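>>> Dropping a prediction and its sequence here:
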Amino acid sequence: MALSGKLTKKLVENLGAGRHGDGNGLYLVVDPSGARRWIVRVVVKGQKNKKGAPLRTDFGLGGADIVTLNQARERALEYRRMAKQGVNPRFNARQEVPTFEEVAQQVHIDRMPTWKNAKHGAQWINTLRDYAFPKIGRMPVDSIDQPEVLMCLSPIWTEKHETARRLSQRIKIVLDVAKSKGFRSGENPVTAIKDAQVLAKVKAKPKHHMAMRWQDVPAFFADLKTRNAMSAKALMFTCLTGSRTGEVLGLRWAELDLEQRLWICPAERMKTGEEHRVPLSDEMLAILEPLQALQSDIVFEGQKRHHPLSNMSMLMLLRRMKVEGVTVHGFRSTFRDWAAEVANAPREVAEKSLAHTVGSDVERAYARSDLLEKRRRLMCEWSQFVVSGKIDGQ
């Protein structure tokens, strides 16, 4: 017979932040981050706390995405029975070994505040969901050894090596956490596989984004200028600034200082995690200023009010323009080639323009300047070339 209480499955999934009672000392705790976990409060018969009052203690029962409502009620009942008999559940509760998936899901919840963004957090658990859970997800975490890890890694080790490498890192983390909680002992099998070089060495092939020749950019840009679509405006701005797709599409008016002719992209939106100042040329301002009339929070607004264009919008525009073999990200490479071959720009200036990290840690510690004015001159020359096909002196 199922135990009953105030909560329902729907409430467990949808209740907001706070502590929500089910009855008989069982609570659902919803953190501000949205993470949900169970706790039970019991009073241990005959035992006193330091102040001489009855010993009342809260015990965690696991995350609500792993432990169902009925399971939480059953575990809470077990704790209450022990407490009623004068037994402290902290030292006597029956500890079941969780499955690999249960531990992985809890690790994911615990690390939510540390993810750089929601997308990164989703990628972490999705890799395990796709390649590990189908094979070892239901296994007790203490029964996973080298053969089980190899079942996950071997099928994709050469064909999807980068994915396999990340998968191995994430399996290792889950098993390390399980060991720290007392569910495992001995060496981590992922470490043993690596040290023994069980899997073949794979030489990773660098992936290059297909780029347009810099000589072809002016004609391409002239075609873009004839188009009224917002994706065309965004692609023009991307081409001129040499910025990443996500940086451009997420651009807000609050990041722009049009009087100082600056775009200040905050650290949390940059791949490097550092604020980046982009000098704005006349041609860039000519794209931005008419868009102010839309009165949107987002500069390149999509179909939904105050929301950006889809991250595929510019690539799809390239396809409609019949521009084959070129990616949006590739325009960064195009700019870099032009800066070296035509503008003869110093390496540091060109790399800083692309928000690349330059030099060793020591070199960066002493090189505090972001070379803004030198970069401004370079970006103005690039803009002039893109728009007219000429540079200063030609």
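Everything's here; your move.

>>> so residue 340 is in which element?
helix 330-341 (DSSP states H and E).

>>> Identify the residues contacting the following helix or strand past that helix?
Using DSSP H and E, the helix or strand that follows helix 330-341 in sequence is helix 347-353. By Cβ atoms under 8 Å, 6 or more residues apart in numbering, the surrounding residues in contact with helix 347-353 are 242, 335-336, 339-340, 345, 358-359, 367, 370-371, 374-375, 378-379. C-beta here means a position set from N, CA and C on the backbone, and glycine is covered the same way.

>>> Show the residue spans covered by the strands in the stretch 1-150 of the chain.
If DSSP state E, counting those that start in this stretch is used as the criterion, the strands of the stretch 1-150 of the chain fall at 18-23, 26-30, 36-48, 54-63.

>>> and those, which is most packed in?
Among the strands of the stretch 1-150 of the chain, strand 26-30 has the highest mean neighbour count (mean count of other Cβ atoms under 10 Å), at a mean of 21.

>>> Would you mind putting the CA coordinates of that one into CSV?
Only the C-alpha atoms of strand 26-30 are listed here, as CSV (Å, rounded to 0.1, in the frame of the first residue of the first chain):
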residue,chain,number,x,y,z
LEU,A,26,9.2,14.9,5.1
TYR,A,27,10.0,18.1,3.1
LEU,A,28,10.8,19.0,-0.5
VAL,A,29,13.4,21.7,-0.6
VAL,A,30,13.6,23.7,-3.8
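
>>> what packs against it?
strand 18-23, strand 36-48, helix 69-84 (3 or more Cβ pairs under 8 Å, 6 or more residues apart in numbering; DSSP states H and E).

>>> pLDDT of it, averaged?
Across strand 26-30, pLDDT averages out at 92.

>>> tilt between that strand and helix 69-84?
130 degrees (axes from the mean of the first three to the mean of the last three Cα atoms, to 10 degrees).

>>> Could you number the chain from 4 rather than 1 from now on?
OK, 4 is where the count begins now, so the last one is strand 29-33.

>>> what's the domain layout of this structure?
Listed by automatic domain parsing, the domain ranges of the chain are 12-95, 103-198, 217-391.

>>> just how off-centre is the last one within its chain?
In other words, domain 217-391. 22 Å (Cα atoms, centre = their mean, to the nearest Å).

>>> what sits against residue 47?
Contacts of residue 47 (Cβ under 8 Å, 6+ apart): 57-60, 86, 89-92.

>>> After the helix or strand of the chain with the lowest mean pLDDT, which helix or strand is next?
The helix or strand of the chain with the lowest confidence, counting by mean pLDDT, DSSP states H and E, is helix 364-369 at a mean of 50. Using DSSP H and E, the helix or strand that follows helix 364-369 in sequence is helix 375-391.

>>> Cool, thanks, talk later.
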